[in-house]
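Chemist: structure here, sequence nowhere to be found:
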């Protein structure tokens, strides 16, 4: 886990937040409402998934570099946004 924190650094953490916010904004536009909820959910997913995978012992993230980290964060944002969409329902 410490290796991931060393790799991430402040710049990468900002990029994770930006990726999550963009994914949330796109989901909010598609849903047509609750944009702040989708943005926060996207940020949470984008930041959390790399840490969850590192805690599970998947070390490829730290070795994969920034590009792999950004791809995984985008996947995390999409997963959390899908969960939020399923919980809030389709209106």
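Modeler: Now that the structure is in, tell me what you want to look at. This structure is a prediction, so every number in the text was calculated from the model and none was measured. Residues are numbered from 1 along each chain as shown.
Chemist: got any ranges where this protein has weak pLDDT?
Modeler: Filtered on pLDDT under 70, the chain yields the residue ranges 1-8, 59-64, 90-91.
Chemist: how about 90 then?
Modeler: For the chain, applying pLDDT under 90 flags the ranges 1-16, 20, 23-38, 41-42, 45-91.
Chemist: now the helices for it?
Modeler: Defined through DSSP state H, the helices belonging to the chain, from first to last, are 2-31, 35-55, 60-88.
Chemist: residue 28: neighbouring residues, count only.
Modeler: 19 (other Cβ atoms under 10 Å). C-beta coordinates here come from the backbone N, C-alpha and C atoms, glycine included.
Chemist: show me what contacts the closest residue to it other than its chain neighbours?
Modeler: Here the nearest residue to residue 28 in space, its sequence neighbours aside, is residue 35; by Cβ to Cβ, 6 or more residues apart in numbering that works out to 3.3 Å. By Cβ atoms under 8 Å, 6 or more residues apart in numbering, the contact list for residue 35 reads 24-25, 28-29.
Chemist: going through those, which ones are buried?
Modeler: By the neighbour-count criterion of 16 or more other Cβ atoms under 10 Å, those include these buried positions: 24, 28.
Chemist: residue 47: which of the contacts of residue 35 is nearest?
Modeler: Of all the contacts of residue 35, the one with the least separation from residue 47 (Cβ to Cβ) is residue 24, at 11.8 Å.
Chemist: surely that closest one and residue 47 touch.
Modeler: No - with contact defined as Cβ atoms under 8 Å, residue 24 and residue 47 do not form a contacting pair (11.8 Å).
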